[in-house]
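Asks: Build me a model:
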Amino acid sequence: MPQYRIEGQIYEAASPDEAYAKHNQAVTTKSAMQRGAQMSPFAQGALTASQGATFNFADEMAGLINPQYRDVVRGATRQFASDYPIGAAATEMAGGLVTAPFTGPLSLGRGITTAGKVLRTAGDLAAQGALSGAGAAEEGERLSGAAMGAGTSLAVGGAANVVGRGVRNIVGTPVMSRLPQNVMGMVPETTGGYNVRPDYPRERLAQLLERDAQARIMGGVEPGQEAIIAATRLGKVGAEAPISVSGNNTLAEIDMLSQLPGTAGRQLTQQQRRVAAGRSSAITSTAEGITGVSRSAEDALTDLAKKQAEAAGPLYQKLQSITFPVDGELQNILNRSKLDLGAAQRTATRRGEPQVALRKLKEGDELPFSAADQLKRTLWDKAEAARRAGNKNEAADLDKLRLDLVAKLDALSPDYFKARSTFAGYAELQNAVEQGRKSLSESAESLSKLTDQMTPSEIEAFRVGAVDALRGVAGGQAGQTRLLNMYKETELQGKLRAIFGNDFRKFQRTILAQEELKKLERVGSGSQTFRRLAQAQDQKDTFDLLQASQAATNPIGAFQMLQQKATQYGMPEEQRNRLAKLLMLRDKPAQEELRNMEAYMRRRAAGQALGRQVSGRVGAYGAGQE
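Replies: Numbering: from 1, shown residues only. Predicted structure coming up:
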């Protein structure tokens, strides 16, 4: 391409006109930059700050109004950097920090695991560095400037992030955690929506809740959601559940704290005793709530029979006038009952009921309700007598005959079935109660068949006995352990399904909740090795305190001792006690604390995000330097 010399400058251009156009542009640019260089230091500083605030795009934004304005900004910022190199760097970085809280949308990473946090920080640094690098680059070099800026920001901003964390973890946290509580109370809790007062027990609890949430849902959550997850879990376990049983990490923490000097061990023991003492009540209360049985079996049976009899009275009154047509099937049942018909007729005679020649009935005849009902009761009484005498086979035959008779009468008269379902009879209810009392010693299969044959009236009575049996089982430690291990015993599950029917899941939820609480009783025993190490550390702390008192007259020795203590990571006993108290909160106080934790973790996340943005802006400043 031809070259043209104009006023000492050489320009490559396709024609003289193009060369003069380039020359005029260069003159205009130089003039504009000179105007910027002649501005007051205050104005130059303000423009330098705007460059930091806009990722080096302030000049480009000014150029959108007028191309000369872009060159004025560049001239002003370059002159300011030449005259005040340190001040210019500080001013540009300060401008960037002003807008740091508003650059959250540039965040690229997510996650609450350590790897997730590292990726999130790296994403913030790279995004801000790329933007700043692109802003500092010339036209046509934006892409390469962005790539270079991202790498530079990761190095510069990452170093700033590591240094900041190091100062906080190695010096700030240990020193501040050892200050008296009344001194810490002088620091405001929040400023501008961020946590500013160090709260080490809550910070530790926040970490534990984060880890438990991550383990439970295997993914990232919104800040504060971790506390909501824990509160929901406690709600499912029950009012006796302390925060420590909301997850494996919180449980492990109270286990560890209970081995160290402090009040955690005593708090844990008190809670363990409370949980153990309330287990029987929790199990039986659930069973009583499901079945509606809250009194002793004898009293409950009396009340149940009275209630059912009153409800079934009109139904049985209606049945007094009905008869059952004798067909071949009913006649066959009567023939099988010939050995028992005499007893049924004798009972009818004693009661003054109408006499029916049961042996003479044939197909086409009518069987009165009173006679049929009396035959059913006679078969019942004889089966019970056979059982008491130990004649199991005879009792089983009589039960089968009675059930066949009842099934046939039900089929012949829906009114009869409805009456029996409402009130089977006192003897039947009494027998059902006894069967309920033996329910946990029967096989699941036989119990299921038994309940399938019962009327709703008998099922109610059966549950009266079953609840009585559960009270006995839940009242002892061995029985409680058996129920809590229900998920391992399909046979026991089958029995409980037969007892509770469609409400089995409600009872199961209580058992699962008690199993979660049982975990609390398994912690705190610890190992002797850990106890010895903790005691040795306690002795060391005492020795350090003695050294401190002796070093009072030795300033150099005192300074060295304080420096050594400041770099220890261990949480002081006072803070451990506060953490244990938080972990042992239950019921309404626990829910209230988790609501506080939700807000705390949101403010905490906002502060962490601000820290990432600040380190990102440090990196962005480095990425924008030529």
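Asks: Would it be right to say that Arg5 lies in a strand?
Replies: Yes: counting by DSSP: H, G, I helix; E, B strand; the rest coil, Arg5 falls inside a strand.
Asks: Identify the bridge partners of it.
Replies: For Arg5, the beta-bridge partners under DSSP bridges are Ile10.
Asks: Could you give the number of residues near it?
Replies: 10 (other Cβ atoms under 10 Å). Yep, even glycine has a C-beta here, placed from its N, CA and C like the rest.
Asks: And Ala386, by the same measure?
Replies: So Ala386, with other Cβ under 10 Å, has 18 neighbours.
Asks: now what about the helix or strand hosting it, what contacts it?
Replies: Per DSSP states H and E, Ala386 falls inside helix 369-388. Contacting residues not belonging to helix 369-388 are listed as 319-324, 337, 340-341, 343-344, 347-348, 353-354, 356, 358, 392, 394-395, 398-399, 401-402, 405-406, 409, 416, 425, 427-428, 431 [Cβ atoms under 8 Å, 6 or more residues apart in numbering].
Asks: Now list the buried members of these.
Replies: 319, 322, 324, 337, 340-341, 343-344, 348, 356, 358, 395, 398-399, 401-402, 405-406, 409, 416, 425, 428, 431 (16 or more other Cβ atoms under 10 Å).
Asks: OK, contacts around the closest residue to Phe417 other than its chain neighbours?
Replies: Distances taken as Cβ to Cβ, 6 or more residues apart in numbering place Asp410 nearest to Phe417, at 4.0 Å, with adjacent residues excluded. Contacts for Asp410 (Cβ under 8 Å, 6+ apart) come out as Tyr416, Phe417, Arg420.
Asks: Let me see the mean pLDDT of the host helix or strand of the first one.
Replies: I take that to be Tyr416. Tyr416 is located in helix 414-422, with elements delineated by DSSP H and E. Helix 414-422 shows a mean pLDDT of 89.
Asks: Likewise for stretch 582-598?
Replies: Stretch 582-598 carries an average pLDDT of 94.
Asks: would you put the C-alpha positions of that stretch in CSV?
Replies: C-alpha atoms of stretch 582-598 as CSV (Å, rounded to 0.1, in the frame of the first residue of the first chain):
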residue,chain,number,x,y,z
LEU,A,582,-27.5,-24.1,69.6
LEU,A,583,-27.3,-27.8,68.6
MET,A,584,-29.4,-28.9,71.6
LEU,A,585,-32.3,-26.5,70.9
ARG,A,586,-35.6,-28.2,70.2
ASP,A,587,-39.2,-27.6,69.4
LYS,A,588,-40.1,-23.9,69.0
PRO,A,589,-36.7,-22.5,70.1
ALA,A,590,-35.1,-24.8,67.5
GLN,A,591,-37.4,-23.6,64.7
GLU,A,592,-36.9,-20.0,65.7
GLU,A,593,-33.1,-20.4,65.7
LEU,A,594,-33.2,-22.0,62.2
ARG,A,595,-35.3,-19.0,61.0
ASN,A,596,-32.5,-16.8,62.4
MET,A,597,-30.0,-19.0,60.7
GLU,A,598,-31.8,-18.6,57.4
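Asks: low-scoring stretches of the stretch 301-450 of the chain, by residue?
Replies: Along the stretch 301-450 of the chain, segments meeting pLDDT under 70 span 353-355.
Asks: Helices of that one, residue ranges please.
Replies: 328-336, 338-351, 369-388, 392-412, 414-422, 426-437, 444-452 (DSSP state H, counting those that start in this stretch).
Asks: could those helices go into JSON lines alongside distance to Thr510?
Replies: What follows is the helices of the stretch 301-450 of the chain, written out as JSON lines (distance: least, Cβ to Cβ, whole Å):
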{"stretch": "helix 328-336", "distance to Thr510": "45"}
{"stretch": "helix 338-351", "distance to Thr510": "46"}
{"stretch": "helix 369-388", "distance to Thr510": "35"}
{"stretch": "helix 392-412", "distance to Thr510": "35"}
{"stretch": "helix 414-422", "distance to Thr510": "29"}
{"stretch": "helix 426-437", "distance to Thr510": "19"}
{"stretch": "helix 444-452", "distance to Thr510": "20"}
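Asks: Compare the ones you listed and report which one is nearest to Lys236.
Replies: helix 444-452 (27.0 Å; Cβ to Cβ).
Asks: what's the angle from whichever helix or strand comes after that closest one to helix 426-437?
Replies: Under the assignment DSSP H and E, the closest C-terminal helix or strand after helix 444-452 is helix 456-474. Using axes from the mean of the first three to the mean of the last three Cα atoms, to 10 degrees, the direction of helix 456-474 lies 30 degrees away from that of helix 426-437.
Asks: got the CA coordinates for the next helix or strand after helix 456-474 in CSV?
Replies: The first helix or strand that comes after helix 456-474 along the chain, using DSSP H and E, is helix 477-484. Listed in CSV are the C-alpha atoms of helix 477-484, where the atom choice follows Å, rounded to 0.1, in the frame of the first residue of the first chain:
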residue,chain,number,x,y,z
GLN,A,477,-36.5,-50.9,76.3
ALA,A,478,-36.4,-54.3,74.5
GLY,A,479,-39.8,-53.7,73.0
GLN,A,480,-38.9,-50.2,71.9
THR,A,481,-35.7,-51.5,70.2
ARG,A,482,-37.8,-54.1,68.4
LEU,A,483,-40.2,-51.5,67.1
LEU,A,484,-37.4,-49.2,66.1
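Asks: Can you spell out which helices and strands pack onto the next helix-or-strand element following helix 477-484?
Replies: Next in sequence after helix 477-484, counting helices and strands by DSSP H and E, comes helix 490-500. Applying 3 or more Cβ pairs under 8 Å, 6 or more residues apart in numbering; DSSP states H and E, one finds that helix 490-500 contacts helix 264-291, helix 444-452, helix 456-474, helix 504-521.
Asks: tell me which strands and helices the helix holding Tyr416 is in contact with?
Replies: For helix 414-422, the contact count by 3+ Cβ pairs under 8 Å, 6+ apart identifies helix 297-319, helix 392-412, helix 456-474 as packing neighbours.
Asks: now the contacts of Asp410 in JSON lines, with distance to Ala277?
Replies: Below are the contacts of Asp410 laid out as JSON lines (distance: Cβ to Cβ, whole Å):
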{"residue": "Tyr416", "distance to Ala277": "50"}
{"residue": "Phe417", "distance to Ala277": "47"}
{"residue": "Arg420", "distance to Ala277": "44"}
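Asks: wait, which of these is closest to Thr451?
Replies: Nearest to Thr451 among the contacts of Asp410, with distances taken as Cβ to Cβ, is Arg420, at 15.7 Å.
Asks: Verify the stated contact: that closest one with Val406.
Replies: Yes: in this structure Arg420 lies within contact range of Val406 using Cβ atoms under 8 Å: 7.3 Å.
Asks: coming back round to it: tell me the spacing between the residue nearest to Phe417 and Asp404.
Replies: 11 Å (Cβ to Cβ, to the nearest Å).
Asks: follow-up on the earlier one: closest to Met584 out of the helices and strands packed on helix 490-500?
Replies: Counting by Cβ to Cβ, Met584 lies closest to helix 264-291 out of these; the figure is 4.7 Å.
Asks: angle of the closest one against helix 477-484?
Replies: 70 degrees.
Asks: in helix 264-291, what counts as buried?
Replies: Within helix 264-291, the residues scored as buried using 16+ other Cβ under 10 Å are 264-265, 267-268, 271-272, 275, 278-280, 282-284, 286-288, 290-291.
Asks: Tell me the secondary structure at Pro223.
Replies: coil.
Asks: Next, count neighbours for it.
Replies: 20.
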